[in-house]
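Visitor: quick one, structure for this:
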Amino acid sequence: MIVEGFSARYLPITGVAESVRLEITSQRTDAIEVRAITGTATIERVTPDGVAAAHTFDVVPDGEPVDLELVITSATRGGIQHQVTVAVAPYTPPPDEEAGCGCASSSPDASLGALGLVGVVLARRRRRLR
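Guide: Take a look at the predicted model:
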């Protein structure tokens, strides 16, 4: 897709039924917005918000397939034409932290704390043996 200086392009992405990751790369700095035009979806910007040459969004439809609209706006008045590419790839969202995964907690902090406690117990035991 070609974008010209201080203009906007609207790209429909229809029938999104599964979670996807949108990766938008531009030859110049652009402002990008993704919105659902039919259906509902959770749309999360992965990259920082603002004007940039690379943008990434994660889209998770809420049940029914959703139609999206990608709005690409050139941020440079009078800028030259430049190429913008859009890649759509499958995306697996991380598990919901509130729902839990049903597995035992084994965070690195907890493991280090237990290891430190074992070290203290062994050090005290060593002192008693001397």
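Visitor: show me where pLDDT drops low in the protein?
Guide: Applying pLDDT under 70 to the chain flags the ranges 97-130.
Visitor: identify the residue nearest the geometric centre of it.
Guide: Among the residues of the chain, the one closest to the centroid is Val46, at 3.3 Å (C-alpha atoms, centre = their mean).
Visitor: which strand or helix spans Ala89?
Guide: Counting by DSSP states H and E, the secondary-structure element that holds Ala89 is strand 82-90.
Visitor: off-centre distance for that strand?
Guide: Going by C-alpha atoms, centre = their mean, to the nearest Å, the spacing between the C-alpha centre of strand 82-90 and its chain's C-alpha centre is 15 Å.
Visitor: cool, stretch 79-95 as well?
Guide: Its chain's average C-alpha position is 11 Å from that of stretch 79-95, according to C-alpha atoms, centre = their mean.
Visitor: and the top strand by length along the chain, which residues are buried?
Guide: If each strand of the chain is counted by residues according to DSSP state E, the longest one is strand 20-38. Buried residues in strand 20-38, counted by 16 or more other C-beta atoms under 10 Å: Val20, Arg21, Leu22, Ile24, Ser26, Arg28, Asp30, Ile32, Glu33, Val34, Ala36. From N, CA and C alone the C-beta is placed, and that goes for glycine too.
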